[in-house]
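>>> could you look at this predicted model? Sequence included:
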Amino acid sequence: MVSQFGSLGYTIMGKTADLTVVQKTIIDTLHKEGKPQTFIAKEAGCSQSAVSKHVNRKLSGRKQCGRKRCTTNRENCSLMRIVKQNRFKNLSELHKEWTEAGVKASIATTHRCVKEFGYSCRIPLVKPLLNHRQRQRRLTWAKEKKNWTVAQWSKVLFSDESKFCISFGNQGPRVWRKGGEAHSPSCLKSSVKFPQSVMIWGAMSSAGVGPLCFLKTNVTAPVYQEILEHFMLPSADRLFEDADFIFQQDLAPAHTAKSTKSWLNYHGVGVLDWSANSQNLWGIVKRKMRNKRPKNADELKATVKETWASIPPQQCHKLITSMPRRIEAVIKAKGAPTKY
């Protein structure tokens with residue numbers, strides 16, 4: 001059973017640092033319940049000697065040195081409830097709401113209290129917005145593929161479209177979260193998969209990447225079949241040569257149109273069924289481009305091409321070998337977004 005208390009301790013140069021208010025509360029609570037000091041130390045995230053010293057100090061009636069805190073444990077807990085209600089409030093907003101509840105504290109005290117509870121202000125991850133039906137579809141798909149081996153995944157030609165913008169814009173509001181909460185639903189910034197923009201189509205396998213296709217129009221079924229003819233088939237020839245392969249595509253309307261299915265059947269291309277809003281190699285490309293600022297569309301296109309071509313086959317193979325772990329993560333998350 002997972003404990004209700006998180007691991008909050010830290011050490012400095014091999015010596016136990018001063019206990020935080022949260023750690024002391026955990027120690028006092030578990031000590032009253034009669035828990036052994038080894039268990040208490042693990043739950044509080046500190047050494048057993050720190051637990052022993054704190055308990056003995058309390059029993060001997062010795063008072064702690066230093067300035068008395070201006071807020072009580074109850075008031076501190078009320079601040080944590082404010083943080084959990086909306087993780088995207090900035091420090092000023094948290095301080096305002098806390099003091100409006102009758103707590104007398106400075107903004108520095110508010111910041112210190114939030115940090116003592118293990119929260120840090122971070123840039124939120126962006127994940128696809130999944131409804132209940134999509135999560136169930138992802139979960140069902142993952143369970144069907146959980147026994148696939150790396151050798152089976154190596155026979156798949158993965159494909160997808162993505163947008164690339166000249167202006168990367170600002171990073172938006174930050175979010176208060178603890179360690180290990182980066183992928184918690186309350187800490188994620190949702191995204192929409194297909195905003196109105198110019199799209200790029202690409203494919204990859206365990207052997208590397210194929211040629212890119214820059215799209216100038218909306219992807220209708222006829223346009224998509226042209227992409228398959230002039231970019232997908234050459235990618236398959238380059239990456240698989242004469243070996244059999246399975247083609248992966250998402251559930252976009254142009255991909256699932258009857259005419260597209262007929263085209264794939266006519267060319268003898270087997271298609272891997274796929275779940276909604278799955279992440280892929282585009283994230284790596286965009287991270288590589290993070291520090292580049294193209295000034296116009298031509299420079300953007302050249303930058304994308306250069307970055308895409310720089311991806312080594314070893315990196316693609318590494319992604320393929322991670323598929324079993326990705327499947328396991330989807331099942332564990334019950335279809336919700338994962339760290340991948």
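Sure, I can see it.
>>> quick check: buried residues in stretch 38-53?
Ile40, Ala41, Lys42, Glu43, Ala44, Gly45, Cys46, Ser47, Gln48, Ala50, Val51 (16 or more other C-beta atoms under 10 Å). All C-beta spots, glycine's among them, are computed from the backbone N, C-alpha and C.
>>> between these, which sits nearest Lys292?
Lys292 lies nearest to Gly45 out of the buried residues of stretch 38-53, by C-beta to C-beta, at 41.1 Å.
>>> may I have the phi/psi pair for the closest one?
Main-chain torsions, Gly45, degrees, to the nearest 10: phi 70, psi 40.
>>> isn't it up against Gln23?
Yes - taking C-beta atoms under 8 Å as the definition, Gly45 is a contact partner of Gln23 at 6.8 Å.
>>> contacting residues for Gly208?
Shown in contact with Gly208 (C-beta atoms under 8 Å, 6 or more residues apart in numbering): Leu239, Ile311, Pro312, Pro313, Cys316.
>>> among these, name the buried ones.
Leu239, Ile311, Cys316.
>>> export these to CSV and tack on distance to Arg112?
As requested, the buried ones among the contacts of Gly208 are exported to CSV (distance: C-beta to C-beta, whole Å):
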residue, distance to Arg112
Leu239, 55
Ile311, 44
Cys316, 46
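>>> closest to Tyr340 among the residues you listed?
Cys316 (14.9 Å).
>>> show me the domain layout of this protein.
Domain ranges of the chain: 11-60, 73-118, 126-332, per automatic domain parsing.
>>> quick one: average confidence on the second one?
Okay, so that is domain 73-118. Mean pLDDT, domain 73-118: 92.
>>> that one: end-to-end distance?
Using C-alpha to C-alpha, to the nearest Å, the end-to-end distance of domain 73-118 comes to 15 Å.
>>> centre of the chain to that domain, how far?
Relative to its parent chain, domain 73-118 has a centroid offset of 26 Å by C-alpha atoms, centre = their mean, to the nearest Å.
>>> of the buried residues of stretch 38-53, which is the nearest to Arg293?
Of the buried residues of stretch 38-53, the one sitting nearest to Arg293 (C-beta to C-beta) turns out to be Gly45, at 42.5 Å.
>>> need the domains of the chain in CSV (columns: distance to Arg67).
Formatted as CSV, the domains of the chain follow (distance: least, C-beta to C-beta, whole Å):
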stretch, distance to Arg67
domain 11-60, 13
domain 73-118, 11
domain 126-332, 26
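>>> how about the contacts of Gly208, which pair is most distant?
Maximum pairwise distance in those, criterion C-beta to C-beta, is 13.7 Å, between Leu239 and Pro312.
>>> just checking, what packs against the helix or strand where Lys127 lies?
Element membership for Lys127 (DSSP states H and E) is strand 126-128. Contact partners of strand 126-128 among helices and strands, from 3 or more C-beta pairs under 8 Å, 6 or more residues apart in numbering; DSSP states H and E: strand 189-191.
>>> for stretch 93-105, buried residues please.
Going by neighbour count (16+ other C-beta under 10 Å), the buried part of stretch 93-105 is Leu94, His95, Glu97, Trp98, Val103, Ala105.
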